[in-house]
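Trainee: What follows is a predicted structure for the sequence shown.
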Amino acid sequence: MPSPTRVLSATLGGLAAVTLLAGCLPAAPSAPEPAAPAVSEPAPEPVEEKAPAAAGDGPEWAKPTANVGEKIATITGDGFQVEVYQVGVTQATKTGQFVTPDGVPVISPGDDIVFVNYVITNTSGGDIALRYSLVAVDATYASWPYLQGMDSVVDGALFEQMQVHSGAIAPGSGDSPFIWPAGTTFSYGQNFLYEKNGPITFEATLTPALPNGDLDHDKRQVVSADGVIS
């Protein structure tokens, strides 16, 4: 019997091109005593209610942390944490990046796709130097039959509509290594096919950078957590 694991192909101009392996008002002032002169005082200024703060202030090189969605999983590593939020479901605006071995797009325009948001915090107590990959998170449904990761739609306007970042690094932030101070947070999101009530695993990979900018593979971490797409 053939193995259920299959390989997708990347699409380029619609053709398979490369095979991949993998708030209250102030009270009114009391009436003055009869014998006392009336005193006019300015009314207190209204207090503005602010949105809840992020888990930590963001590092200088990162876009402001997006705080959207409902938490569905928490990945805990040694010195870092990834909180996974399901943001919402929308329709694909274009074809995804892969086709099946039969040449059928994995994601077609109009298909339901779900957006998730990753809020990633340095819990180590010290600085962590990162390369461009930062903390990479991959999502895989339990039912996913292919060897490599799940397909997605690349559309900046759609990410803006869903209020998540397609990438965490702010434009003009310079070159790596990017210093990630303790207690600070950054975020980015992903999308993939929507599978209602689908069990899913989120895997986070952190490979810090050496002082010279190279990756420190000896300190590489791969940790995961399970959740369900509602």
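Mentor: Everything's here; your move.

Trainee: Name the surrounding residues that touch the biggest strand by length in the chain.
Mentor: Among the elements of the chain assigned as strand by DSSP state E, the one spanning the most residues is strand 128-141. Taking contacts as C-beta atoms under 8 Å, 6 or more residues apart in numbering, the residues outside strand 128-141 that touch it are 75, 79-80, 82, 84, 116, 118, 120, 122, 149-150, 168-169, 176-180, 186, 190, 192, 195, 198-211, 213, 215, 229. (Each C-beta comes from the backbone N, C-alpha and C, glycine too.)

Trainee: Stretch 102-109 too?
Mentor: With contacts defined as C-beta under 8 Å, 6+ apart, stretch 102-109 is touched by 8, 11, 16, 91-96, 98-100, 113, 150-153, 192-193.

Trainee: Which positions in it come out as buried?
Mentor: Of the residues in stretch 102-109, those buried by neighbour count under the rule 16 or more other C-beta atoms under 10 Å are 105, 106, 107.

Trainee: For PyMOL, what selects the buried ones among the contacts of stretch 102-109?
Mentor: If you want just the buried ones from the contacts of stretch 102-109 in PyMOL, going by 16+ other C-beta under 10 Å, the selection is:
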select buried, resi 8+11+92+95+96+98+99+100+113+150+151+152+153+192+193
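
Trainee: Alpha carbons only: can I get stretch 112-125 in CSV?
Mentor: Below are the C-alpha coordinates for stretch 112-125, written out as CSV (Å, rounded to 0.1, in the frame of the first residue of the first chain):
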residue,chain,number,x,y,z
ASP,A,112,-11.9,29.7,3.3
ILE,A,113,-8.6,30.4,5.0
VAL,A,114,-8.0,31.1,8.7
PHE,A,115,-5.5,33.7,10.1
VAL,A,116,-3.5,33.0,13.3
ASN,A,117,-1.3,35.5,15.2
TYR,A,118,1.9,34.6,17.0
VAL,A,119,2.8,36.8,20.0
ILE,A,120,6.4,36.0,21.0
THR,A,121,8.0,37.0,24.3
ASN,A,122,11.6,36.8,25.5
THR,A,123,11.2,35.3,29.0
SER,A,124,14.9,34.5,29.5
GLY,A,125,15.9,37.5,31.7
